[in-house]
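> Quick one: sequence and predicted model below, then my questions.
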Amino acid sequence: MSSPAAGLRSPPEQHAFDTERLAAWMQWRIEGFVGPIDVRQFAGGQSNPTFMVASANHRYVLRRKPPGKLLPSAHAVDREYRVIVALADTDVPVAKAFALCEDPAVIGTVFYLMDYVEGRLFWDAALPETPAAERRAIYQEMTRVIAALHSVDYAAVGLGDFGKPGHYIERQVSRWTQQYRAAETERIEAMERLIEWLPKNIPDDEETGIVHGDFRLDNAIFHPREPRILAVLDWELSTLGHPLVDLAYVCMRYHLSVDQFRGLAGLDLQELKIPSEAECVADYCQRRGRTPVAASEWTYYLAFNMFRLAGILQGVLARAIQGNASSETALEAGRRTRPLAEQAWALVRQTFDV
């Protein structure tokens, strides 16, 4: 566990910008702003560089597109800003959004500012720093919040055009295939198999809701003393999509290794007092009043999410090789692409006749 402010550092040269120009823009756009400002970059984060902006009377968080050549449609901080604003008055906890800047003349790339939320950030899925009695409640809170997100009437909150209803998985497979190809650095046989198999085996079930796309333990800030989420972070991949795909992404933690992905695979969940994958899915279905998920469909959703994560990691690796990745650990993270793809294909082969 750590505070979200842990690991702050001076921005490295490739992410530094003119802080006086930013302060002038904030003076113009943010009510009650009082300069000057001090800017520090958060450690971690493979995609959009994130900064703490401390003024004389407030702390803000700035999320920006990284500099350099970017993959098409990636690093959509403007979409992050839009969904945070839309969810402000729902049961989904989000930080207060202040302003979006689409003028690259200010700091070099598009960015937005939101409130800094004080609380706990958990990096280890086993939650070793929390009492055993609290662990189940923390994971149940994760399930509660994602169920709340999927239950939001997206049209009523102004997100009717945030994505295209229906055929979500088909579009996602195509998108991440393109993203992977654009960032490909070597041939990975398991990815080739997945690219061929996934489009031909999409489940018939169609459902649409707001999906986060990267909902996991370390993208949620918890209350300092209670098992309650104060703000869900990192909405870059959010869109209108299939809620069960989003849930399967959350449940990937049960299949991912502790050492490479900070997952739960191989741990004694009963001893740790952490709900099992089956309990998580059942809890979600009960909260949303939906029927249980078929085993073959669930396997597909898990395999797709592993494929998508492998595509994301391949992009991280490509940026690391180019020298403009937002984290010092990008090269290490990118090298997890192959084993993850191989795990996804093995999961498919265990369930389907391929």
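Everything's here; your move.

> Where does pLDDT dip in the stretch 1-150 of the chain?
Confidence mapping of the stretch 1-150 of the chain against pLDDT under 70 gives the ranges 1-6, 12-14, 44-47, 67-75.

> Would you map the helices across it?
19-29, 77-86, 132-151 (DSSP state H, counting those that start in this stretch).

> list the buried ones in the second one?
When burial is assessed from 16 or more other Cβ atoms under 10 Å, helix 77-86 yields the following buried residues: 77, 79-86. Yep, even glycine has a C-beta here, placed from its N, CA and C like the rest.

> and if you look at the last one?
Of the residues in helix 132-151, those buried by neighbour count under the rule 16+ other Cβ under 10 Å are 135-151.

> Can you report how many residues lie near residue 174?
14 (other Cβ atoms under 10 Å).

> surely it meets residue 199?
Yes - look at residue 174 against residue 199 with Cβ atoms under 8 Å: they come within range, at 7.4 Å.

> Can you give me the neighbour number for residue 207?
Using other Cβ under 10 Å, residue 207 has 15 other residues around it.

> secondary structure class for it?
Secondary structure, DSSP: H, G, I helix; E, B strand; the rest coil: residue 207 is coil.

> And stretch 150-158, end to end?
15 Å (Cα to Cα, to the nearest Å).

> Offset the numbering so it begins at 207, please.
Let's use 207 as the start, then, which means that last one is stretch 356-364.

> how far is that stretch from where the chain is centred?
19 Å (Cα atoms, centre = their mean, to the nearest Å).

> nearest to residue 265, of the buried residues of helix 283-292?
Closest approach to residue 265 among these (Cβ to Cβ): residue 290, at 16.8 Å.

> Let me know whether the closest one touches residue 304 as I believe.
No - using Cβ under 8 Å, residue 290 is not in contact with residue 304; the gap is 10.1 Å.

> Which residues are in contact with each of these two?
Counting by Cβ atoms under 8 Å, 6 or more residues apart in numbering, the contacts common to residue 290 and residue 304 are residue 320.

> In the stretch 457-560 of the chain, where is pLDDT below threshold?
Applying pLDDT under 70 to the stretch 457-560 of the chain picks out residues 530-534.

> one more time with 80, if that's ok
Along the stretch 457-560 of the chain, segments meeting pLDDT under 80 span 466, 525-540.

> who touches residue 488 in this structure?
Neighbours of residue 488 in contact, by Cβ under 8 Å, 6+ apart: residue 498.

> And the longest helix along the chain, what's buried?
What stands out as the longest helix in the chain, according to DSSP state H, is helix 501-528. Across helix 501-528, burial judged by 16+ other Cβ under 10 Å covers 504-526.

> Please report how far the most centrally placed residue in the chain lies from residue 221.
Per Cα atoms, centre = their mean, the C-alpha nearest to the average position across the chain is that of residue 420, at 2.5 Å. Applying Cβ to Cβ, to the nearest Å, the value for residue 420 to residue 221 is 21 Å.

> quick one: the strands in this protein?
For the chain, the strands defined by DSSP state E cover 244-247, 256-260, 265-270, 303-307, 317-321, 415-417, 426-428, 435-438, 445-447.

> So which other helices or strands are in contact with the last one?
Helices and strands in packing contact with strand 445-447 are listed as helix 374-389, strand 415-417; criterion 3 or more Cβ pairs under 8 Å, 6 or more residues apart in numbering; DSSP states H and E.

> residues making contact with the first one?
Pointing back at helix 374-389 there. 277-280, 370, 397, 401, 404-405, 408-409, 414, 445-448, 451, 510, 513-514, 516-518, 520-521, 523-525.

> List the buried residues in that helix.
374-375, 378-379, 382-383, 385-386, 389.

> which one of these sits closest to residue 332?
Taking Cβ to Cβ as the measure, residue 382 is the one of the buried residues of helix 374-389 closest to residue 332, at 29.0 Å.
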